[in-house]
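Novice: need a 3D model of the following:
(2 chains)
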Amino acid sequence: QITLKESGPTLLKPTQTLRLTCTFSGFSLTTSGVGVAWVRQPPGKALDWLALIYGNDVKRYSPSLKTRLTITRDTSKNQVVLTMTNMDPVDTATYYCAHDDPGGFGMDVWGQGTTVTVSS
Amino acid sequence: QSVLTQPPSASGTPGQRVIISCSGSSSNIGSNSAYWYQQLPGTAPKLLIYRSNQRPSGVPDRFSGSKSGTSASLAISGLRSEDEADYYCSAWDDTLSAVVFGGGTKLTVL
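Specialist: Got it, this is the predicted structure:
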């Protein structure tokens, strides 16, 4: 059974850096066809894809946020870390990590999400 | 402005069939699989349809997906009150090298 859980700060000030951790179980992020993605959702708004990392360490980023995002994996801890720099109030959202469908580019199992508020 | 276009709202009465559309382009739905997610209020999204027309185990067969050209559709038959939720489509975009989402459709069961 695949499970994922997000953790990280709930409140940040503008310009600070966000570091979110996704701890997963039920799969290994060590092969090319396996991936973990990050998606966010501002309050009352649509889902917004952020980044994806595969077991062969190939990474993909949202073009609009690419300069601010870094995604890494720690296979010994079964964790994926997303870092977003220069946080702004518009980055206030619920952040989800999800397992990537090996046969496509969709998210087949999602974490519960973690809410991040950016405010001075 | 979302890359994939969905109607903001849809509605139906119990027992009815509702179809939600998702319009894209040749770089996303036209060349890659579509995915559909259901998001109940206050909860994380849940995969409803993968690879355009496949249902994960546990998803009722009242839900079905299809794709034609650069558009995808989600059909819900035998509408039930518990289907009231937000529905999102997504696909990989070859030009952007990123997953793109639709703006979401809020389904109301009257």
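Novice: every contact and neighbour count from this point should use C-alpha atoms.
Specialist: Fine.
Novice: reduced to three states, what does B:G78 come out as?
Specialist: coil (DSSP: H, G, I helix; E, B strand; the rest coil).
Novice: centre of the chain to stretch B:51-70, how far?
Specialist: 9 Å (CA atoms, centre = their mean, to the nearest Å).
Novice: cool, and stretch A:95-113?
Specialist: 10 Å.
Novice: first to last residue in it, what's the distance?
Specialist: Terminal residues of stretch A:95-113 are spaced 5 Å apart (CA to CA, to the nearest Å).
Novice: most distant residue from the centre of chain B?
Specialist: B:T95 (21.6 Å; CA atoms, centre = their mean).
Novice: list the residues that contact that one.
Specialist: B:S27 (CA atoms under 8 Å, 6 or more residues apart in numbering or on different chains).
Novice: who's B:I49 bridged to?
Specialist: Counting by DSSP bridges, B:I49 forms beta bridges with B:W36.
Novice: near chain A at all, the longest strand seen in chain B?
Specialist: Longest strand of chain B, by residue count under DSSP state E: strand B:85-93. Yes: Strand B:85-93 comes into contact with chain A (CA under 8 Å from any CA of the partner chain), by way of B:Y88, B:S90, B:A91, B:W92.
Novice: and the pLDDT for residue 19?
Specialist: Just going to use chain A. Here the pLDDT value assigned to A:R19 is 98.
Novice: can you look at chain B instead?
Specialist: 98.
Novice: can you tell me the closest non-neighbouring residue to it?
Specialist: Spatial nearest neighbour of B:I19, excluding adjacent residues (CA to CA, 6 or more residues apart in numbering or on different chains): B:A75 at 4.4 Å.
Novice: so which elements touch the longest strand of chain B?
Specialist: Secondary-structure packing of strand B:85-93 (3 or more CA pairs under 8 Å, 6 or more residues apart in numbering or on different chains; DSSP states H and E): strand B:34-39, strand B:98-101, strand B:105-109.
Novice: okay, the ones you listed in a markdown table with mean neighbour count and mean pLDDT next?
Specialist: Output for these, formatted as a markdown table (neighbours: other CA atoms under 10 Å in any protein chain shown; pLDDT from 0 to 100):
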| stretch | mean neighbour count | mean pLDDT |
| --- | --- | --- |
| strand B:34-39 | 26 | 98 |
| strand B:98-101 | 24 | 97 |
| strand B:105-109 | 20 | 97 |
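Novice: near chain A, which residues of chain B show up?
Specialist: Looking at chain A, the residues of chain B close enough under CA under 8 Å from any CA are B:33-35, B:43-47, B:50-51, B:88, B:90-92, B:96-104.
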